[in-house]
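Student: With the input below, show me the fold.
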Amino acid sequence: MVTLRAFRALRPVPEKAARVAAVPYDIICEAEARSVIARNPLSFLRISLSEAELTENTDYSNDQVFSKAVENLHQFIKNGIFIQDAEPSIYVYRLSNNIRKQTGIVACCSIDEYERGMIKPHETTRPDKVENRKAQMLALKAHTGLIFLAFRSNEKVKNLMSEVTSQAPIYDFSCEDSIRQTIWRVSQPDEIIRAFSDIRTLYIADGHHRLESAAKVREIMRQQNPSHTGKEEYNYVMAGIFPSDELQILPYNRIIEDLNGLTPDEFLKKLTENFIVRETRKKKPSKSGDFCMYLGDGKWFELRYKADKAPGDDKIENLDVSILHRFILSPILGIQNQRTDARIEFVGGIFGPEELEKYVDTGHAKVAFSLFPISIDELFEIADSGKILPPKSTWFEPKLKDGLLIHLFFGDKL
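Tutor: Numbering: from 1, shown residues only. Purely as a prediction, here's the structure:
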């Protein structure tokens, strides 16, 4: 049984929402954020990535960063850019384009349920990133970005959301990425909240660091509050919760700086030990177990994993990202740790194979690998087993926007 809780969202006035909405802080670099802010001073990046307004290369853990975020949020409120809903609500959030749409619920989830394993992760977190988000949450006294959660599709929940979407939304606009953002407020949310009591498990799609940070913030707040009851706002974290059958996972592709001292011909020969290698016009693999590889000069290769090399029934070891690491990245290219080796970079599938070609053709990399995406069912199965996916295994698209809904720890004050 999953517990949802309504909250009084701090949110932009409708006429400013399109300008406030921003990409998540962790998919944009500081230089790009500076450029966005220069064009649009209402961007929520001024709060979520406030170091972009300080001296270049300011350490993101510097206290000035968090002070700047607080200053900017207070200024947005003072200038009437943000308002707060008068009564606790939940929200229906739809992201759509001409091809597809996904519709979910925004509400607060119990941090206790996360710690009890009812909200399941599939990635490990980095302590430095957790500490950074923890410090920002404590400074702002708020959750300013959505945890992206998924649940096994439930017709009752979807029907209730459909009823809401027949009404007038509070926001309806398209961003620069052509994704339409539509949000409805549900001021009488009891029926939807009850429907979620039939759902036993939620899964983290994106936002592992935010959720772990929220758990650490809750512990600090609990220790500082002698009257702690467990019902305070800081015991709950804001999330966007979407049905699995509407989610899209794209691959997380890889580019490698060099061939570890090998010539292209030597590299190709080594690959034939574990793969059937052939030149191809394909730039994306059509099934799991296949890879497409770009070596420059317009040459793409298809790598088909030899079936007799299969590692058995281990779900993690059979993932394409694991096969790539075990048979290519580690033994041939000398990359032992994908998290720390500076020779590897990760490119979200949203950018397409043309981006991979550009990296290689401009000399930024020597080889690029295009992968087949993991399925949502595979992710659920691995999370249910308590296992962790290899680094950078999933890229969910579209990304939920920051800045449209904010959850305050103390209800109506910062």
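Student: My guess is G403 contacts V20. True?
Tutor: Yes. G403 is within contact range of V20, at 4.6 Å (criterion: C-beta atoms under 8 Å). In this view, the C-beta of every residue, glycine as well, is placed from N, C-alpha and C.
Student: shared neighbours of these two, anything?
Tutor: Shared between the contact lists of G403 and V20 (criterion: C-beta atoms under 8 Å, 6 or more residues apart in numbering) are residues 12, 43-44.
Student: Mind checking which of G403 and V20 has more residues around it?
Tutor: Ranked by neighbour count (other C-beta atoms under 10 Å), G403 and V20 place G403 first, with 26 against 23.
Student: Once you drop chain neighbours, what's closest to the more buried one?
Tutor: Closest residue to G403 apart from its sequence neighbours, by C-beta to C-beta, 6 or more residues apart in numbering: F44 at 2.8 Å.
Student: next one: G296
Tutor: V360 (4.7 Å).
Student: and whatever helix or strand that neighbour lives in, C-alpha only, in PDB?
Tutor: For V360, the enclosing helix or strand under DSSP states H and E is helix 352-361. The C-alpha atoms that make up helix 352-361 are tabulated as PDB, following Å, rounded to 0.1, in the frame of the first residue of the first chain:
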ATOM      1  CA  GLY A 352      20.600  10.200 -31.600                       C
ATOM      2  CA  PRO A 353      23.400   8.500 -33.600                       C
ATOM      3  CA  GLU A 354      24.200  11.700 -35.400                       C
ATOM      4  CA  GLU A 355      25.600  13.100 -32.100                       C
ATOM      5  CA  LEU A 356      27.800  10.000 -31.800                       C
ATOM      6  CA  GLU A 357      29.100  10.500 -35.300                       C
ATOM      7  CA  LYS A 358      29.900  14.100 -34.500                       C
ATOM      8  CA  TYR A 359      32.000  13.200 -31.400                       C
ATOM      9  CA  VAL A 360      34.100  10.700 -33.500                       C
ATOM     10  CA  ASP A 361      34.400  12.800 -36.700                       C
END
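Student: Remind me what that helix packs against, helices and strands.
Tutor: Judged by 3 or more C-beta pairs under 8 Å, 6 or more residues apart in numbering; DSSP states H and E, helix 352-361 is in contact with strand 252-256, strand 290-294, strand 344-348, strand 367-370.
Student: which stretch among the ones you listed comes nearest A135?
Tutor: Closest of the helices and strands packed on helix 352-361 to A135 is strand 344-348, at 25.6 Å (criterion: C-beta to C-beta).
Student: Quick one: closest of the helices and strands packed on helix 352-361 to I170.
Tutor: strand 344-348 (29.5 Å).
Student: which sections of the stretch 101-250 of the chain are below the confidence cut-off?
Tutor: Per-residue confidence for the stretch 101-250 of the chain (pLDDT under 70) gives no ranges below the cut-off.
Student: That one: helices as residue ranges?
Tutor: 111-115, 127-140, 155-165, 190-195, 208-224 (DSSP state H, counting those that start in this stretch).
Student: Tell me which residues of the longest one come out buried.
Tutor: Neighbour-count burial for helix 208-224, counted by 16 or more other C-beta atoms under 10 Å, picks out 208-218, 221.
Student: Kindly report the same for stretch 47-56.
Tutor: The neighbour-count check on stretch 47-56 (16+ other C-beta under 10 Å) flags 47-54 as buried.
Student: Present these as JSON lines; the columns should include secondary structure and pLDDT.
Tutor: Shown next, in JSON lines, are the buried residues of stretch 47-56 (DSSP: H, G, I helix; E, B strand; the rest coil; pLDDT from 0 to 100):
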{"residue": "I47", "secondary structure": "helix", "pLDDT": "97"}
{"residue": "S48", "secondary structure": "helix", "pLDDT": "97"}
{"residue": "L49", "secondary structure": "coil", "pLDDT": "95"}
{"residue": "S50", "secondary structure": "helix", "pLDDT": "94"}
{"residue": "E51", "secondary structure": "helix", "pLDDT": "93"}
{"residue": "A52", "secondary structure": "helix", "pLDDT": "93"}
{"residue": "E53", "secondary structure": "helix", "pLDDT": "92"}
{"residue": "L54", "secondary structure": "coil", "pLDDT": "89"}
